[in-house]
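Novice: Provided below are the primary sequence and the corresponding predicted coordinates.
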Amino acid sequence: MSGSTVFGAEPVDTGTTISSQLRTPGIRLDRYAPDSFLDMDESDGESHRNSEDIPILQRGDDAVVDKGPKIMGVSFDELVDRLVALRMTKADVNFAEIFLCLYRKFAAPAELFAAIVVRLRRVRDDQSMHYLSRTETQLRIIEVIAKWVALYPGDFARPATRRNLEDFIHRLASEPIFSASAQQIQRNLECHVIEDDDTGWAKSDDLVDDVTSGLLEKDIAKTEMFSGVSSLQLDDDKTAVEGSRTSASSEYLHSAGHQFQFHSYEEYEREAHSMEPTDQLPMNKFRYHIFMDLPDEDIADEMTRIDWVMFSSIRIRDFVRHVSLPPDQKEKCKTLKNVNRMIAHFNHVAQWVANMILLRDKAKHRAQMMEKFMNIAQKLRQLNNYNGLAAVLAGINGSSIHRLTQTRALVPADVQKNFARLVILMGTQKSHFAYRLAWENSPLPRIPFVPLHRRDLVSAEEGSKTLVGPAGDRINWKKFEVLGEVLLPIMKSQGQPYPNLRTHEPAREMILDCRMPTDDEVSAYESKPCAELAANVSLGNLPAEYPGGELVRRTSGTA
């Protein structure tokens with residue numbers, strides 16, 4: 001079969017730079033190019049200068065050649081053509097992942113669905129193609145629709161769009177050669193579909209239904225291979241569909257998750273909601289001994305289980321909207337609560353670690369707690385839980401703990417040496433180069449350092465426009481490739497859950513249920529006269545739950 005199938009699209013001027021816009025080889029599924037977007041302003045400033053901006057004496061030989069006007073961005077039709085084209089390289093596979101995830105920033109679901117059906121009709125009308133080649137191309141285009149429905153069923157929740165897809169499925173099922181594909185799409189569609197939150201997307205079906213609905217129905221009716229109403233109504237598969245109501249998107253993302261307790265975004269979200277911190281248990285000497293008796297492995301496993309549940313409750317598009325929406329729209333977007341919950345949990349763990357170390361007054365007890373958390377950090381690294389590891393490091397290296405020199409001196413040297421390696425791993429040097437290298441080479445399962453990847457998305461989102469060109473109607477696909485560099489490894493990570501994680505209830509209570517002092521309580525103690533505070537320190541009258549690092553430094557200078 002020919003790999004250069006034409007889908008009836010108009011010929012493109014080969015003198016333009018469209019191919020370079022669409023076929024950039026730099027997108028990799030699980031690799032990160034250092035400084036590819038964090039230093040985007042500097043690199044763009046060097047590479048996109050026109051020859052007119054360079055002094056004549058500084059121009060190279062290539063600057064003298066007139067290459068003609070440069071066409072910025074690509075059109076929507078060109079992107080759809082590549083979406084349904086034969087996938088020759090890994091970059092083509094990654095393109096489909098990125099496009100289906102991010103197209104909502106410049107197109108509505110009904111618009112994309114109509115464009116795909118148009119190309120399906122063009123293939124049917126192309127009599128120059130061999131029958132087998134034509135059938136293979138049609139199956140490939142149908143596969144794109146099937147993958148789209150499986151990954152993002154919420155795009156078809158609007159009545160008009162769903163009605164068009166269902167009509168497409170029934171007409172598709174009338175052809176025996178396509179009936180299996182129709183059944184696959186039907187199974188994905190009949191799973192519970194929650195209407196996608198359109199907050200933050202540039203276009204939605206509400207704006208384009210009137211335009212595309214008639215066009216789509218017309219295109220489907222014209223398609224000869226869909227002649228007549230479906231003779232195969234898929235009733236035979238109704239029972240099987242009813243018996244597998246798990247989310248189709250989660251089946252794709254969690255295909256290896258049979259050993260884990262949850263299998264859908266909704267289940268993960270319900271469990272993550274139950275993991276929000278409470279203040280039921282006071283932090284006291286009794287709680288200190290309970291925590292010290294818990295095995296390091298159990299604490300690290302429970303921290304990883306909590307992080308994994310929260311990470312898996314986040315839909316991949318929520319990361320994009322979390323960095324794209326202005327503050328007033330973020331409040332309207334309900335799905336962002338999952339991202340906010342994980343960020344809040346990161347801060348909670350960092351604060352909890354600091355409070356646990358400061359729970360006792362004597363340096364030797366604090367050193368024992370600090371050593372335990374350093375060992376827990378090693379376990380988190382072995383589990384590839386970078387988010388939990390960064391939270392523990394943030395607690396140990398926070399201002400209230402970092403300057404406890406007497407406490408740190410009592411920690412065994414070998415433990416401090418191993419911990420120093422973790423500090424270097426998660427350090428900020430060279431734009432977190434050590435972490436990025438470890439992240440791209442870590443086997444699955446793994447949990448990313450979410451705050452850093454969120455910052456990367458902010459840099460990519462704010463660094464360039466979505467639409468470019470003189471009329472502002474062409475898509476800056478380079479921007480979406482940069483977003484894809486961040487999102488694709490996260491997609492891959494969500495697809496492989498931890499196989500043997502189970503709940504460790506004592507560790508869970510210590511992590512989530514301990515009461516920590518509020519800012520008002522801390523301020524009340526810090527507002528006392530220095531003489532009174534010094535007396536309290538010497539007499540040991542400070543409450544056990546008070547994080548006294550700052551207090552001790554101000555009054556007695558001890559750890």
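Specialist: Thanks, I have the structure now. Source: prediction; values computed, not measured.
Novice: Just give me the neighbour total for residue 502.
Specialist: 10 (other CB atoms under 10 Å). All C-beta atoms are positioned from the backbone trio N, CA, C, and that covers glycine.
Novice: Quick one: low-confidence residue ranges for the chain.
Specialist: 1-70, 191-195, 202, 206-261, 518-559 (pLDDT under 70).
Novice: 80 instead, please
Specialist: Across the chain, the ranges flagged by pLDDT under 80 are 1-71, 190-264, 331-332, 517-559.
Novice: so what are the domain limits for it?
Specialist: Following automatic domain parsing, one finds the domains of the chain at 17-73+87-106+466-495, 107-253, 260-445+498-516, 519-559.
Novice: Quick check: residue 178 touching residue 138?
Specialist: Yes: at 7.4 Å, residue 178 counts as touching residue 138 under the criterion of CB atoms under 8 Å.
Novice: can you map out the strands along the stretch 151-300 of the chain?
Specialist: Taking DSSP state E, counting those that start in this stretch as the criterion, the stretch 151-300 of the chain carries its strands at 281-282.
Novice: Please, where are all the helices along it?
Specialist: 159-172, 179-190, 205-222, 238-242, 248-253, 265-273, 285-293, 296-312 (DSSP state H, counting those that start in this stretch).
Novice: Count residues in the vicinity of the nearest residue to residue 491 once chain neighbours are set aside, would you?
Specialist: Spatial nearest neighbour of residue 491, excluding adjacent residues (CB to CB, 6 or more residues apart in numbering): residue 316 at 5.6 Å. Counted with other CB under 10 Å, residues neighbouring residue 316 total 18.
Novice: Kindly provide the distance from residue 316 to residue 475.
Specialist: 20 Å (CB to CB, to the nearest Å).
Novice: cool, and residue 273?
Specialist: From residue 273 to residue 475 the distance is 37 Å (CB to CB).
Novice: Comparing these two, which residue is more hemmed in?
Specialist: residue 475 (25 against 14).
Novice: how far away is the more buried one from residue 79?
Specialist: Residue 475 is 7 Å from residue 79, by CB to CB.
Novice: Mind listing what's buried along the helix or strand hosting residue 101?
Specialist: Element membership for residue 101 (DSSP states H and E) is helix 90-102. Buried residues in helix 90-102, counting neighbours by 16 or more other CB atoms under 10 Å, are found at 91, 92, 94, 95, 96, 97, 98, 99, 100, 101, 102.
Novice: Surely the fifth one touches residue 86?
Specialist: By that I understand residue 96. No: counting by CB under 8 Å, residue 96 does not reach residue 86; the two are 11.7 Å apart.
Novice: List the buried residues for stretch 437-450?
Specialist: Applying 16+ other CB under 10 Å to stretch 437-450 flags 438, 439, 442, 445, 446, 447, 448, 449, 450 as buried.
Novice: Please produce TSV containing the residues you listed, extended by secondary structure and distance to residue 110.
Specialist: Formatted as TSV, those follow (DSSP: H, G, I helix; E, B strand; the rest coil; distance: CB to CB, whole Å):
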residue	secondary structure	distance to residue 110
438	helix	43
439	helix	37
442	coil	40
445	coil	37
446	coil	37
447	strand	36
448	coil	33
449	coil	37
450	helix	33
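Novice: Reformat those residues as TSV; add distance to residue 407.
Specialist: Compiled in TSV, the buried residues of stretch 437-450 are given as follows (distance: CB to CB, whole Å):
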residue	distance to residue 407
438	29
439	31
442	32
445	34
446	32
447	29
448	31
449	27
450	29
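Novice: Looking at the residues you listed, which one is closest to residue 183?
Specialist: residue 445 (31.6 Å; CB to CB).
Novice: need the contact list for the closest one.
Specialist: Residue 445 makes contacts with 308, 384, 493, 496, 497, 498, 499, as judged by CB atoms under 8 Å, 6 or more residues apart in numbering.
Novice: among those residues, which are in helices?
Specialist: Among these, DSSP state H puts 308, 493 in helices.
Novice: what's the farthest-apart pair in the contacts of residue 445?
Specialist: Maximum distance among the contacts of residue 445 (CB to CB): 14.4 Å, for 493 and 499.
Novice: Can you pick out the residue with more neighbours from the two?
Specialist: residue 493 (22 against 11).
Novice: residues touching the closest residue to that one other than its chain neighbours, list them.
Specialist: Leaving aside its sequence neighbours, residue 493 sits nearest to residue 446 (CB to CB, 6+ apart; 5.4 Å). Residue 446 is in contact with 384, 385, 386, 439, 493, counting by CB under 8 Å, 6+ apart.
Novice: State the distance from the first one to residue 397.
Specialist: It refers to residue 384. Residue 384 is 21 Å from residue 397, by CB to CB.
Novice: which of these two has more neighbours?
Specialist: Ranked by neighbour count (other CB under 10 Å), residue 384 and residue 397 place residue 384 first, with 20 against 15.
Novice: Was I right to think the more buried one contacts residue 441?
Specialist: No: counting by CB under 8 Å, residue 384 stays clear of residue 441, with 10.4 Å between them.
Novice: thought residue 144 was touching residue 93?
Specialist: No: Residue 144 is beyond contact range of residue 93, at 11.8 Å (criterion: CB under 8 Å).
Novice: give me the number of residues near residue 162?
Specialist: 18.
Novice: ok, now which ones touch the closest residue to it other than its chain neighbours?
Specialist: Sequence neighbours aside, residue 156 is the residue nearest to residue 162 in space, at 4.9 Å (criterion: CB to CB, 6+ apart). Contacts for residue 156 (CB under 8 Å, 6+ apart) come out as 109, 149, 162, 165, 189, 193.
Novice: which pair in these spans the largest distance?
Specialist: Farthest pair in those, by CB to CB: 109 and 189, 12.8 Å.
Novice: which of those two has more neighbours?
Specialist: residue 109 (29 against 19).
Novice: Pull up the gap between the more buried one and residue 479, please.
Specialist: Residue 109 is 21 Å from residue 479, by CB to CB.
Novice: For the stretch 401-550 of the chain, which segments count as strands?
Specialist: 467-468, 474-475, 514-515.
Novice: Quick check: which of those strands is buried the most?
Specialist: Highest mean neighbour count among those (mean count of other CB atoms under 10 Å): strand 474-475, with a mean of 22.
Novice: Can you name every helix or strand that it contacts?
Specialist: strand 467-468 (3 or more CB pairs under 8 Å, 6 or more residues apart in numbering; DSSP states H and E).
Novice: what's the strand it packs on packed up against?
Specialist: Strand 467-468 packs on strand 474-475, going by 3+ CB pairs under 8 Å, 6+ apart.
Novice: Name the residues that touch the strand it packs on?
Specialist: 71, 72, 73, 74, 75, 76, 79, 106, 466, 467, 468.
Novice: The same query, at a cut-off of 6 Å, please.
Specialist: The contact list for strand 474-475 (CB atoms under 6 Å, 6 or more residues apart in numbering) reads 73, 74, 75, 106, 468.
Novice: Tell me how many other residues surround the closest residue to residue 379 other than its chain neighbours.
Specialist: For residue 379, ignoring the flanking residues on the chain, the nearest one in space by CB to CB, 6+ apart is residue 300 at 3.4 Å. Other residues lying near residue 300 total 25 when counted by other CB under 10 Å.
Novice: same question, residue 151
Specialist: 22.
Novice: What of residue 329?
Specialist: Count around residue 329 with other CB under 10 Å applied: 13.
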